[in-house]
Structures are given as C-alpha cells and as structure tokens.
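Participant: What shape does this take:
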Amino acid sequence: MPIPVPTKCLLGCLLLAIVPLTNAAQELDGLKDPNFNFAVQVGAITPSAFFRVRNTVREAEGVRYQVDPSTGFQVGGLAAFRLSKRFQLQGGFTLLLRNYTCSATYQEQTLSTRLNTTLYEVPLLLVYYQRMSERLLLSLGTGVNLQTLPSDLGAQEQHLQVLALHKAFALPASLTMLGLEFRAKNRGGFFAGLAYCITPFFLYDTVFLSKFDGRERVHPVAHVGDYFGLVARYYLD
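Facilitator: A predicted model of the protein is given here:
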C-alpha cells in the first residue's frame with residue numbers, strides 16, 4: 001500500500017529535524033535508559049480533513065446519509081522495552097471512544113442522532129529515539145495497531161436508528177507516532193506527541209434505518225476508522 005502524503009510529510013520533517021542534532025547528541029549516547037518502562041496514556045482525537053478524518057457522505061434512493069466525526073478520547077497504558085540505545089519496542093492496550101453525528105436527509109426533512117462507539121486497541125510499535133539533550137528525546141514509532149469492536153452498538157431518535165454492526169471481531173491498522181519525551185532527574189518522564197492511525201480495512205458498517213413519508217429504508221455506510229490525535233504520557237520508570 002503506498003504511503004499517504006501526510007505520513008510522508010511527517011517523515012520528511014522528522015529527518016530534517018534529526019540530521020543537525022545527530023552530532024550534538026553523540027556525546028550523550030552513553031547514557032542508559034531503563035530496560036523496561038511502563039506508562040499511562042491519554043489522548044484527544046480531533047477531526048482533520050488533511051488526515052482523512054472527515055465526513056462520510058453517501059446517497060441512495062433519494063436519501064443523503066452523512067456521518068460527521070467529532071472529538072473523541074483515548075486512555076490506556078503501554079510497556080516499553082529497550083532494544084538498544086536508539087530503539088524501543090512498545091506495546092499496550094488502549095480504550096478508544098469516538099463520537100459521530102449521523103444524519104439522513106430526504107427532500108427538506110433531516111433526521112439525526114449521535115452515535116458513540118467504544119473500540120479497544122492493542123498497538124505494537126518499533127520506536128526510534130534521538131537524544132537531543134540529557135533529558136529530552138525525540139522519538140518516532142510505527143507499527144501495527146489491532147482494533148476490535150467486541151459487540152454491535154446503536155443509537156435511535158424518532159424515525160432514525162443507526163447501528164454499528166461489526167464485520168470482524170478484530171482487524172489490523174497502522175499507527176505512527178511522533179513526539180518529544182522529557183526525562184525527570186530522579187525517575188519518571190513525560191511524553192507529548194501526535195498519533196496518526198490508518199485503517200485499510202472496514203471494522204464495521206454504520207447502518208441507517210430511516211423512515212420518511214411512511215417508508216422505511218435501510219442503507220449501510222462503510223466505516224472509515226482513520227484518526228489523528230494529540231497524545232500525552234507519563235512514564236513510571
């Protein structure tokens with residue numbers, strides 16, 4: 001699968017930032033990081049057309065169906081294993097809460113409801129980190145993010161019902177993270193960065209059951225699960 005343009009931009013910016021820092025950080029390469037570390041993580045998922053987190057619109061039988069993503073949240077934990085002075089293996093478990101406004105429009109009439117979904121994620125990332133100073137590090141991680149929707153979900157208001165019907169119990173996605181980590185003097189540390197998840201497979205369908213002029217219509221819309229988020233962590237050491 002070709003690398004999306006936003007991901008290429010992230011990688012290009014990272015390379016431009018790392019090159020002038022490499023020589024300056026060589027004298028700090030001897031500093032040892034923990035062989036094993038654990039962190040708690042929180043994040044905010046924000047809509048962004050540039051990162052394909054945008055509205056989904058479909059039309060069928062004269063009805064316009066639309067799914068609008070809004071701000072969501074992420075919370076969980078991860079474990080980091082030091083492979084070398086430049087590489088880590090990170091794995092964890094996170095809860096992803098996403099919110100959507102789903103609407104169906106027929107002629108001049110619009111029906112809408114709010115669908116809240118709860119997904120579980122199991123990311124496994126290979127992380128490269130470049131020390132910028134004794135306590136500050138720049139890191140880039142990429143890998144697989146397994147997503148699962150254990151059960152079907154739904155919402156209903158008046159003559160509109162929207163269901164999230166999963167097509168598979170779990171499917172893989174790709175996850176890329178870029179950020180800065182600050183190590184405390186004694187123990188612990190903080191991380192702040194960006195997360196970009198690409199879902200090449202449809203985990204579930206958003207199924208609309210609408211009723212206009214006494215006629216019921218059923219139409220599925222394939223769910224696009226891509227998201228762009230702001231992430232913060234606290235490392236326990």
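
Participant: quick check: mean pLDDT across the lengthiest strand in the chain?
Facilitator: Criterion DSSP state E: the longest strand present in the chain is strand 109-131. For strand 109-131, mean pLDDT rounds to 93.

Participant: Just checking: what are the partner strands of that strand?
Facilitator: Strand 109-131 has the following strand partners under DSSP bridges: strand 87-106 (antiparallel), strand 136-148 (antiparallel).

Participant: Can you mark which positions in it are buried?
Facilitator: 111, 113, 115, 117, 119, 121-125, 127, 129-131 (16 or more other CB atoms under 10 Å). C-beta: built from backbone N, CA, C; applies to glycine.

Participant: what do you get for stretch 200-210?
Facilitator: Neighbour-count burial for stretch 200-210 flags 202, 203, 204, 205, 206, 207, 208, 209, 210 (criterion: 16+ other CB under 10 Å).

Participant: Verify the stated contact: residue 113 with residue 156.
Facilitator: Yes. Using CB atoms under 8 Å, residue 113 is in contact with residue 156, at 6.4 Å.

Participant: list the residues that contact both of these two?
Facilitator: By CB atoms under 8 Å, 6 or more residues apart in numbering, residue 113 and residue 156 have these common neighbours: residue 162.

Participant: returning to what we had before: just tell me which of the strands paired with strand 109-131 ends up closest to residue 48.
Facilitator: Nearest to residue 48, of all the strands paired with strand 109-131, is strand 87-106, at 13.6 Å by CB to CB.

Participant: so where's the protein shaky on pLDDT?
Facilitator: For the chain, the stretches flagged by pLDDT under 70 are 1-32, 51-52.

Participant: residue ranges for the strands of it, please.
Facilitator: Applying DSSP E to the chain gives strands spanning 36-46, 56-60, 63-69, 72-82, 87-106, 109-131, 136-148, 153-157, 160-166, 170-183, 189-198, 204-212, 215-222, 227-235.

Participant: Neighbouring strands of the second one in the sheet, and parallel or not?
Facilitator: Under the criterion DSSP bridges, strand 56-60 sits next to strand 63-69 (antiparallel) in its sheet.

Participant: Report the angle between the partner strand and strand 215-222.
Facilitator: 40 degrees (axes from the mean of the first three to the mean of the last three CA atoms, to 10 degrees).

Participant: Kindly state the beta-bridge partners for residue 232.
Facilitator: residue 42, residue 192.

Participant: Hmm, I typed the wrong one, I wanted residue 102.
Facilitator: Beta-bridge partners for residue 102, by DSSP bridges, are residue 67, residue 113.

Participant: In a markdown table, list the strands paired with strand 109-131 along with distance to residue 231 and mean neighbour count.
Facilitator: As requested, those are arranged in a markdown table below (distance: least, CB to CB, whole Å; neighbours: other CB atoms under 10 Å):
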| stretch | distance to residue 231 | mean neighbour count |
| --- | --- | --- |
| strand 87-106 | 10 | 18 |
| strand 136-148 | 11 | 19 |
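
Participant: In CSV, list the ones you listed along with distance to residue 75.
Facilitator: Below are these laid out as CSV (distance: least, CB to CB, whole Å):
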stretch, distance to residue 75
strand 87-106, 5
strand 136-148, 15
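
Participant: right, and those strands - which one's nearest residue 43?
Facilitator: Closest approach to residue 43 among the strands paired with strand 109-131 is made by strand 87-106 (8.1 Å; CB to CB).
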